[in-house]
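>>> Predicted model and sequence follow; I will ask about them next.
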Amino acid sequence: MLQKILNRLVRMVKFDAKVWEEIEHDEEANMEALVIVLAASLLSAIGSAVAQRSVGAFFATLISGALLNWLLWSWLTMFIGTKLFQGQATFWEMARTLGYANAPVALGLLAVIPCLGVFIGLLGLVLAVVFGFFAVREALDLPTEKAIITIVIGWVILVVINVLLNIIL
């Protein structure tokens, strides 16, 4: 499994568009996507905890990254893309592709580097959104404009939910 994940991650970095369709249709990739999300979230959570010197930051980053953001973003993009733009994808097809797209979040580990770490972590989030674009476009079979709109609407909703949860918790 690890070799398959690494091979696909390399293809993602090379912007091989076919990798997204391959992941979308590979039902065995559910576990791979989960492993990627958990590993990336764990690394990012470690970076947050060390940088902020807070165990709470560790758990908040881990739980929100692994559970809330991945699964909710998958559902939101699937719902928006299918209902608003008549895209074609199931929840698990979205979850698989967006799970892989979450891999750059692991760069959050580098938040421990003074000054630069925050920017590297942000770069990881930006790359996750870029890969998310390809994942959404290919999984939902949408044209570029509709994929972008789907991602923007989904991210806005996700950010609002995260802000509300941070206020509540």
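Yep, it's here. This one's a predicted model, so the numbers in the text were calculated from it and none came from an experiment.

>>> For Trp92, give me its contacts.
Contacts here follow CB atoms under 8 Å, 6 or more residues apart in numbering; on that basis Trp92 touches 27, 30. C-beta coordinates here come from the backbone N, C-alpha and C atoms, glycine included.

>>> Quick check: buried residues in the helix or strand harbouring it?
For Trp92, the host element (DSSP states H and E) is helix 91-101. By neighbour count on 16 or more other CB atoms under 10 Å, the buried set for helix 91-101 is 92-101.

>>> Show the pLDDT at the residue nearest the centre of the chain.
For the chain, Asn102 is the residue whose C-alpha lies nearest the centre (CA atoms, centre = their mean; 3.0 Å). The model reports Asn102 with a pLDDT of 92.

>>> again with Leu169
62.

>>> Low-confidence ranges, the protein, go.
57, 60-61, 64-67, 169 (pLDDT under 70).

>>> And Val126, how close does it get to Ile80?
21 Å (CB to CB, to the nearest Å).

>>> got it, and Gly121?
On the measure of CB to CB, Gly121 and Ile80 end up 27 Å apart.

>>> more crowded one of the two?
Between Gly121 and Ile80, Gly121 has the larger neighbour count (other CB atoms under 10 Å), namely 24 against 21.

>>> can you list the residues that contact the helix or strand hosting Trp75?
Assigned by DSSP H and E, Trp75 belongs to helix 70-85. The contact list for helix 70-85 (CB under 8 Å, 6+ apart) reads 37, 41, 87-91, 93-95, 98-99, 102, 132, 136, 140, 142, 146-147, 149-151, 153-155, 157-158, 161.

>>> quick one: which of the residues you listed sit in helices?
Counting by DSSP state H, those place 37, 41, 91, 93-95, 98-99, 132, 136, 140, 146-147, 149-151, 153-155, 157-158, 161 in helices.

>>> Pull out the buried members of these.
Using 16+ other CB under 10 Å, the buried ones in the ones in helices among the contacts of helix 70-85 are 37, 41, 93-95, 98-99, 132, 136, 140, 146-147, 150-151, 153-155, 158.

>>> how far is stretch 98-107 from where the chain is centred?
When distances are taken as CA atoms, centre = their mean, to the nearest Å, stretch 98-107 is centred 5 Å away from the chain's centroid.

>>> What lies in contact with it?
Residues outside stretch 98-107 that contact it (CB under 8 Å, 6+ apart) are 8-9, 12, 19-20, 23, 29, 32-34, 36-37, 39-41, 43-44, 65, 69-70, 73-74, 77, 120-121, 123-125, 127-128, 131-132, 134-136.

>>> Sounds good, over and out.
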